[in-house]
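Peer 1: Need a 3D model of the sequence below.
(2 chains)
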Amino acid sequence: MSKPVRVRFAPSPTGFLHVGGLRTALYNYLFAKHHKGAFVLRIEDTDQSRKVEGAIENLISTLEWAGIHYDEGPGKEGKFGPYVQSQRLHHYHTYANELIKRSKAYYCFCTPQRLDEVRQKQIAAKIPPAYDRHCRNIPPEEAQKRKESGEPFVVRMKVPMTGEMTFEDRIRGKVTIAHKVLDDQVLLKSDGFPTYHLAVVVDDHLMEISHVIRGEEWLPSTPKHIMLYQYLGWEVPEFAHLPLLLNPDKSKLSKRQGDVAVEEYRAKGYLKEALVNFVAFLGWNPGDEREIFTLDELIKEFSLERVGKSGAVFNIEKLNWLNQQHLRLKSNEEIADALQPILTSAGISGVERNYLLKVIELMKERVTFIADFIELGDYFFRDPLSFDEKGVQKHWRPEAKRNLLKLAERLEQAAEFRLGSIESILRSLADELGVNASALIHPTRLALSGRVVGPSLFHMMELLGKETVVKRLRRAAEMIK
RNA sequence: GCCCCCAUCGUCUAGAGGCCUAGGACACGAGCUUUUCAAGCUUGGAACACGAGUUCGAAUCUCGUUGGGGGCACCA
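Peer 2: Numbering: from 1, shown residues only, chains lettered A, B, ... in the order given. As a prediction, this is how the structure comes out:
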């Protein structure tokens, strides 16, 4: 690799960052960092009608959240800026004019209405819809005159009518397309903005992009792009077209069939580590059996050679598992930091740090999300608000009332309240009462937590402390008829 | 309709002619452990779309069929 690696992620600011976009951005980022190159963020806002307020800021903050930091882009101006296409219109005009001068493009004065009629006729006649090249042969002088008289126009590229183009894609290998199936694509719209096709080529060239890594939906238009590079006498970058992310029904991943916005996942409590790891594995793998990767490890291992060709279904089950795995990789301190604000917003305050760390240690193995510490372990922070109904029926039999009171009494009298002593008090009481330890354990768990599942009862009791345990046992006993 | 791409367990995938009676992971079933739930460990079921060729030998190469997806805008 002689030229320095420079890649870009070029979203259009039409909404939230899509998980497919996240993966495209991630692959570009991984490729750049792996090769010690630059990762550029470019905003493709050439469609004024689809512009969404705040979308750029949102895109950037989501990318940053995921740990995908760009080297150049809006707010991080490098020598190739500006990085927002609507601020680069003069470049597109320059090169559109250059193409016209080289007669590789022409002015087209067809109205949208005419274009639409032509298309309708073609569809009715079952021939491929394409521009009929009505304006392709207008003499340059005449076109110039009409343009100057104020007639609305677009600029279209001139595609050869015969021949074919073959190019090499880093992921798909050789791809061949006949020129005749290519349209005389609009390059410059009548509002003076470029279309994607012109803008992407001009900017990728001007920004010295070495590798164009983008979604597969661009594969069919790549020959047009290459043609533009050639028309302008520019070096053609390498292309790598990524397989699509799919809905469970195998169609292109879309809203409708689940969440596609990265923000949604973030809001649901997914860890960025898990989401990044997951999305990286949708179409790529390291070639061995490792599955849990950090961003740095991904950078180290990533290569385009190991990117697959077929689409991948976005399957949430595995994401959940990865979230759990990454959560367990975090230190208790880190988890405590993340949990604290969630506690606060749940109306729980004044939790001692040390106590919180112990709760985390105890619950860590049985949670998938950070919020689960509260979802599943609320009783560590406040008295149970309700009691599992089936558990009540099953465990809070009449005799449980006496047993719980007895246990409360024994524990209250106990000289020490530690794991070992708690267990032996409970077990010897069970012996005395002539019941299995579990006949005492289950009602106790329910009394203390309101639940029938949870961590080891004795650990739970030790952590809750004598006072709380005794209080909750008596409260529960009162509830038993 | 035309063009392009793709095709291994339900899902993510390993596999680059013999290592494959096809491996791993998620999910699912069973068991162990256990006061419960998890976790962990053991274990089960589960796939090379089909058909021709090439070859001593094909999941792997070629062609075709079928299926799926994407593209065909003054959207990206």
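
Peer 1: so where do the strands sit in chain A?
Peer 2: A:6-9, A:38-41, A:105-108, A:154-157, A:164-169, A:173-178, A:186-188, A:211-215, A:238-242, A:245-246, A:312-313 (DSSP state E).

Peer 1: Tell me which of these is the most buried.
Peer 2: strand A:6-9 (a mean of 26; mean count of other Cβ atoms under 10 Å). In short, each C-beta sits where N, CA and C put it, glycine included.

Peer 1: Give me the sheet partners of it and which way each runs.
Peer 2: strand A:38-41 (parallel) (DSSP bridges).

Peer 1: close to RNA strand B, is the strand it pairs with?
Peer 2: No. Strand A:38-41 does not reach RNA strand B (Cβ under 7 Å from any atom of the strand); its nearest approach is 12.9 Å.

Peer 1: if you average pLDDT over that strand, what comes out?
Peer 2: Strand A:38-41 carries an average pLDDT of 98.

Peer 1: possible to save the strands of chain A as CSV with distance to residue A:275?
Peer 2: Output for the strands of chain A, formatted as CSV (distance: least, Cβ to Cβ, whole Å):
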stretch, distance to residue A:275
strand A:6-9, 16
strand A:38-41, 18
strand A:105-108, 43
strand A:154-157, 39
strand A:164-169, 27
strand A:173-178, 31
strand A:186-188, 37
strand A:211-215, 18
strand A:238-242, 17
strand A:245-246, 13
strand A:312-313, 15
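
Peer 1: out of these, nearest to residue A:92?
Peer 2: Closest of these to residue A:92 is strand A:186-188, at 6.6 Å (criterion: Cβ to Cβ).

Peer 1: Which strands or helices does the closest one pack on?
Peer 2: helix A:89-101, strand A:154-157, helix A:196-206 (3 or more Cβ pairs under 8 Å, 6 or more residues apart in numbering; DSSP states H and E).

Peer 1: can you tell which of these is closest to RNA strand B?
Peer 2: helix A:196-206 (3.6 Å; Cβ to the nearest atom of the strand).

Peer 1: Can you name every helix or strand that that closest one contacts?
Peer 2: So helix A:196-206, by 3+ Cβ pairs under 8 Å, 6+ apart, packs with helix A:89-101, strand A:186-188, helix A:222-231.

Peer 1: okay, those in CSV with mean pLDDT next?
Peer 2: Shown next, in CSV, are these (pLDDT from 0 to 100):
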stretch, mean pLDDT
helix A:89-101, 97
strand A:186-188, 97
helix A:222-231, 97
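
Peer 1: Kindly tell me how buried residue A:222 is, as a neighbour count.
Peer 2: 19 (other Cβ atoms under 10 Å).

Peer 1: mind listing what the residue lying closest to it once chain neighbours are set aside touches?
Peer 2: Computed as Cβ to Cβ, 6 or more residues apart in numbering, the closest residue to residue A:222 that is not its neighbour in sequence is residue A:239, at 5.9 Å. Residue A:239 makes contact with A:167-170, A:211-212, A:222, according to Cβ atoms under 8 Å, 6 or more residues apart in numbering.

Peer 1: Same check on residue A:387?
Peer 2: Per Cβ under 8 Å, 6+ apart, neighbours of residue A:387: A:446, A:450, A:476, A:479.

Peer 1: ok, now residue A:391?
Peer 2: A:442, A:446, A:451-452.

Peer 1: ok, and which of those residues reach RNA strand B?
Peer 2: A:442, A:452.

Peer 1: Name the member of the contacts of residue A:391 with the most neighbours.
Peer 2: Counting by other Cβ under 10 Å, top hit in these: residue A:446 with 23 neighbours.

Peer 1: Residue A:133 reaches residue A:183, doesn't it?
Peer 2: No. Counting by Cβ atoms under 8 Å, residue A:133 sits too far from residue A:183 to count as a contact (9.2 Å).

Peer 1: roughly how far apart are residue A:195 and residue A:136?
Peer 2: 17 Å (Cβ to Cβ, to the nearest Å).

Peer 1: which of these two has more neighbours?
Peer 2: residue A:195 (19 against 15).

Peer 1: Would you point out the most distant pair within the contacts of residue A:391?
Peer 2: A:442 and A:451 (10.8 Å).

Peer 1: dump the residue contacts of the residue lying closest to residue A:433 once chain neighbours are set aside.
Peer 2: Counting by Cβ to Cβ, 6+ apart, residue A:403 is the residue found nearest to residue A:433 once chain neighbours are left out, at 6.3 Å. Taking Cβ under 8 Å, 6+ apart as the contact definition, residue A:403 lies against A:429, A:433, A:435, A:439-440, A:443.

Peer 1: List only those of the residues you listed flagged as buried.
Peer 2: A:429, A:439-440, A:443 (16 or more other Cβ atoms under 10 Å).
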